[in-house]
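Undergrad: Here is my input, please return the structure:
(one chain, ligands or ions: 1)
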Amino acid sequence: MSRRAEQYAATVIAQERLSAHLVRLHLGDLDGFVSTGILDEWVGLVVPGQFQSRYYTVREHTADSLTIDVVVHDVGLVTEWASRDCVGEQVTISEPRGAFAPPADSTWLHLVGDLTAAPAIARITEHTDLPTRIWLETDDELPGYLPDGADVTWIRPPAPGTSALAAVVEGLEWPSGPGYFWMGGESAQMRAIRKHLMREVRLPGERYHVMGYWRGVAARQPRAVDPGPIWRAGKAAGKSDEEIWADYDRARES
Ligand SMILES: Cc1cc2nc3c(=O)[nH]c(=O)nc-3n(C[C@H](O)[C@H](O)[C@H](O)COP(=O)(O)OP(=O)(O)OC[C@H]3O[C@@H](n4cnc5c(N)ncnc54)[C@H](O)[C@@H]3O)c2cc1C
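TA: As a prediction, the model looks like this:
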């Protein structure tokens with residue numbers, strides 16, 4: 001694998017259909033790629049013939065390969081590429097970044113998301129020692145995708161390509177004691193949930209991470225914006241989590 005200013009060229013070495021909407025890609029020739037070790041880490045992916053990137057969670061990383069699980073929805077740049085045979089093709093991936101950071105005194109973990117968050121939820125669940133509850137919104141059957149014994153509530157989306165996770169989170173009962181809430185999914189749902197966590201649940205900022213992974217309502221897809229630099233710049237400027245995520249939403253919509 002060659003390395004160019006925080007970007008890696010990699011080859012698709014295998015492709016598997018995991019479910020109706022999930023395609024697993026194994027990327028090889030990975031010399032020099034270093035995982036952050038953060039359980040929800042993601043990379044930017046540029047597929048052949050394109051210059052725009054889309055973000056994908058590192059589902060698994062070994063010395064020889066990196067695995068990503070791609071949701072194939074109605075229409076989309078990566079969707080269309082990953083829906084056909086792409087074994088042997090070369091892609092570019094960016095340096096990984098991650099955000100999952102439960103404080104050391106956490107006694108519980110709640111993970112919520114739609115199918116795009118399933119890779120992160122699976123990886124987190126495999127590696128955490130915290131008592132974990134999961135709410136996963138998907139129409140797909142995913143036998144064996146999450147570890148055996150995972151405490152998961154499966155939720156059907158209201159319609160294909162839509163999400164109603166905000167209402168699910170608004171109905172949750174919260175455990176007593178310190179814990180951590182992690183969530184990824186459709187951006188409008190995520191914005192509503194951040195407000196709910198801050199205003200109603202009053203979770204301190206270090207007790208949750210809620211991230212818009214895609215946007216379902218607008219015809220125009222928001223710009224792919226790496227949240228890492230916005231997060232670091234916001235922290236350096238002393239901004240609150242609410243202000244930083246508002247900056248992220250604005251950057252994606254500009
Ligand atoms: C940190 C991070 C991690 C992510 N991890 C993953 C991951 O592991 N697996 C994964 O599949 N996605 C993941 N995503 C989401 C993924 O980047 C977006 O869904 C992306 O837009 C898909 O690209 P595309 O080229 O297929 O569609 P695009 O060309 O970006 O979009 C085309 C159209 O499809 C719609 N659309 C986009 N995504 C979806 C969707 N999921 N369902 C229904 N409609 C959609 C858009 O609104 C747009 O109208 C992640 C996003 C972030 C920010």
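Undergrad: mind listing the helices for the stretch 151-254 of the chain?
TA: Using DSSP state H, counting those that start in this stretch, the helices of the stretch 151-254 of the chain run over 165-170, 187-196, 227-236, 241-253.
Undergrad: need the ones you listed in TSV with mean neighbour count, can you?
TA: The way it works is simple: take the backbone N, C-alpha and C, and place the C-beta from them, glycine included. Formatted as TSV, the helices of the stretch 151-254 of the chain follow (neighbours: other Cβ atoms under 10 Å):
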stretch	mean neighbour count
helix 165-170	18
helix 187-196	20
helix 227-236	15
helix 241-253	17
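Undergrad: Figure out which of these is closest to Arg59.
TA: Closest approach to Arg59 among these (Cβ to Cβ): helix 227-236, 19.0 Å.
Undergrad: which strands and helices sit next to the closest one?
TA: helix 241-253 (3 or more Cβ pairs under 8 Å, 6 or more residues apart in numbering; DSSP states H and E).
Undergrad: quick check, distance from the helix it packs on to the centre of its chain.
TA: Distance, stretch centre to chain centre, for helix 241-253: 17 Å (Cα atoms, centre = their mean, to the nearest Å).
Undergrad: How about the residues of the stretch 151-254 of the chain by the ligand?
TA: The stretch 151-254 of the chain comes close to the ligand at residues 161, 211, 213-216, 221, as judged by Cβ under 6 Å from any ligand atom.
Undergrad: Just put the helices of the stretch 151-254 of the chain in a markdown table and tack on mean pLDDT.
TA: Output for the helices of the stretch 151-254 of the chain, formatted as a markdown table (pLDDT from 0 to 100):
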| stretch | mean pLDDT |
| --- | --- |
| helix 165-170 | 95 |
| helix 187-196 | 92 |
| helix 227-236 | 85 |
| helix 241-253 | 77 |
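Undergrad: Adding distance to Glu60 as columns, could you present those in a markdown table?
TA: Below are the helices of the stretch 151-254 of the chain laid out as a markdown table (distance: least, Cβ to Cβ, whole Å):
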| stretch | distance to Glu60 |
| --- | --- |
| helix 165-170 | 25 |
| helix 187-196 | 25 |
| helix 227-236 | 21 |
| helix 241-253 | 27 |
